[in-house]
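[1] Return atomic coordinates for the entry below.
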Amino acid sequence: MKKISVVTPCYNEEDNIYECVKVIKEVFSNYSNYSYEHIFIDNASTDSTVEKLKELAKENKNIKIIVNSRNFGWIKSPYYGLLQANGDAVILFVADMQDPASLIPDFIKKWEEGYKSIVGIKKNSEENKFMFNVRKLYYRFVNKLSNIDLIDNFTGYGLYDKKIIEILREMDEPYPYFRGLISEIGLEIFFIEYSQPLRFKGITKSNFFTLYDVAMLGITSHSLVPLRLATMLGFSISILSLVVAFVYFILKIIFWDTFSMGVAPIVIGLFFFSSVQLFFIGIIGEYIGSIHAYSKKRPLVIEKERVNFE
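    Numbering: from 1, shown residues only. The predicted model follows:
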């Protein structure tokens with residue numbers, strides 16, 4: 001009998017754990033030809049999430065728990081959880097249930113038809129419209145910069161054949177942009193659109209810095225355009241500066257006694273060129289930071305304990 005793994009990353013989701021376990025159990029109660037495991041990878045929650053999970057795991061051996069030694073962030077921990085699954089297919093399903101479990105039968109159906117990745121695409125969302133539109137703009141922007149076709153409005157929710165998981169293991173990414181890696185791998189991808197509901201309970205744990213981290217990771221992982229833009233812009237500004245200097249020199253020669261250069265152009269030019277330099281130094285810093293993360297070769301997460309793994 002084939003097995004399907006469901007991986008649920010969580011951090012301080014005590015209000016959603018019971019419902020999350022319940023909806024997954026209900027989905028797989030309709031399948032007699034598949035067994036399943038529900039792996040929770042907890043990022044060192046400070047509330048009662050782990051206690052509730054352990055309580056559920058005593059009664060239901062399909063529930064498996066990995067508890068991290070600390071919070072390793074929402075980029076590395078879910079990815080590590082995916083790599084620990086050994087099912088014939090793996091589903092990434094978030095604990096806040098903003099990704100509807102009702103799509104899982106559709107995922108499985110397409111997987112049975114031979115697709116290796118079946119991904120959920122957010123067509124619209126009940127979340128804050130401003131944030132939803134900002135995310136849409138971000139996906140389009142990154143797609144324009146990227147050298148591969150990235151998937152718009154894709155959060156990672158989907159089903160992945162074990163072949164995809166094996167490829168991810170071989171990639172050995174220390175700081176992975178999972179959404180981009182699915183596009184990078186290619187193979188047969190099927191897209192299913194859905195409307196994203198609000199969180200079941202609780203508040204999001206995302207903040208500006210975590211969103212910025214993901215945004216920059218998406219750009220630096222799949223595009224060299226910002227670096228090349230810095231080169232081209234630097235060259236263009238050098239030419240422009242040379243032309244302006246030449247014009248000023250000619251005007252000064254012609255109108256030696258009356259032409260005054262003034263302070264304003266110097267001040268404006270100083271601030272403009274300084275800001276351009278700082279911006280691109282920051283961009284270069286992001287790429288260097290990415291290289292630094294790769295060079296350290298540190299593990300994705302460090303486990304504190306496991307429950308129900310044999």
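
[2] Stretch 219-228 - what's its average pLDDT?
    Throughout stretch 219-228, pLDDT has a mean value of 73.

[3] List the buried residues of it.
    For stretch 219-228, burial by neighbour count (16 or more other C-beta atoms under 10 Å) applies to 219, 220, 221, 222, 223, 226. C-beta: built from backbone N, CA, C; applies to glycine.

[4] Among those residues, name the ones in helices.
    In helices, defined here by DSSP state H, the members of those are 219, 220, 221, 222, 226.

[5] which residues sit in contact with the third one?
    By C-beta atoms under 8 Å, 6 or more residues apart in numbering, the residues touching residue 221 are 177, 180, 290.

[6] Next: the first one.
    Listed by C-beta under 8 Å, 6+ apart, the contact set of residue 219 reads 142, 145, 226, 286.

[7] Would you mind giving the residues you listed as JSON lines with secondary structure and distance to residue 47 added?
    Shown next, in JSON lines, are the contacts of residue 219 (DSSP: H, G, I helix; E, B strand; the rest coil; distance: C-beta to C-beta, whole Å):
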{"residue": "142", "secondary structure": "helix", "distance to residue 47": "33"}
{"residue": "145", "secondary structure": "helix", "distance to residue 47": "38"}
{"residue": "226", "secondary structure": "helix", "distance to residue 47": "39"}
{"residue": "286", "secondary structure": "helix", "distance to residue 47": "33"}
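
[8] Any quick ChimeraX command for the buried ones out of these?
    Per 16+ other C-beta under 10 Å, the buried members of the contacts of residue 219 correspond to this ChimeraX selection:
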select :142,145,226
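
[9] Please, where are all the strands along the stretch 1-150 of the chain?
    Using DSSP state E, counting those that start in this stretch, the strands of the stretch 1-150 of the chain run over 2-10, 34-42, 63-68, 89-92, 117-125.

[10] Mean neighbour count, these: which tops it?
    strand 89-92 (a mean of 26; mean count of other C-beta atoms under 10 Å).

[11] by contact count, what packs against it?
    Applying 3 or more C-beta pairs under 8 Å, 6 or more residues apart in numbering; DSSP states H and E, one finds that strand 89-92 contacts strand 2-10, helix 73-84, helix 104-112, strand 158-161, helix 162-171.

[12] So which of the ones you listed is the most surrounded?
    For the helices and strands packed on strand 89-92, average neighbour numbers computed from mean count of other C-beta under 10 Å are highest in strand 158-161, which has a mean of 28.

[13] List the pairing partners of that strand within its sheet, with orientation.
    Strand 158-161 has its sheet partners listed here by DSSP bridges as strand 89-92 (antiparallel), strand 117-125 (antiparallel).

[14] now the first one, how far from the chain's geometric center?
    The gap between the average C-alpha position of strand 89-92 and the chain average comes to 17 Å, counting by C-alpha atoms, centre = their mean, to the nearest Å.

[15] Repeat that for stretch 77-93.
    With C-alpha atoms, centre = their mean, you get 15 Å for stretch 77-93.

[16] Please apply the same query to stretch 151-171.
    From the chain centre to the centre of stretch 151-171 is a distance of 12 Å (C-alpha atoms, centre = their mean).

[17] ok, back up a step: nearest approach to residue 23 belongs to which of the strands paired with strand 158-161?
    Smallest distance to residue 23 across those (C-beta to C-beta): 12.1 Å, for strand 89-92.

[18] mind checking which of the helices and strands packed on strand 89-92 is nearest residue 127?
    Residue 127 lies closest to helix 73-84 among the helices and strands packed on strand 89-92, at 16.4 Å (C-beta to C-beta).

[19] That closest one - contacts with which helices or strands?
    Under the contact definition 3+ C-beta pairs under 8 Å, 6+ apart, helix 73-84 sits against strand 2-10, strand 34-42, strand 63-68, strand 89-92, helix 162-171, helix 178-185, helix 208-222.

[20] what does that helix rub up against?
    Counting by C-beta under 8 Å, 6+ apart, 7-9, 11, 39, 41, 43, 66, 68, 71-72, 90, 92, 156, 160, 165, 168-169, 173, 175-178, 205-206, 210, 213-214, 217, 300-301 sit against helix 73-84.

[21] Can you tell me what sits against stretch 106-124?
    Stretch 106-124 has contacts (C-beta under 8 Å, 6+ apart) with 4, 31, 34, 89, 91, 99, 103, 132, 151-155, 157-161, 163-164, 182, 185, 187-196.
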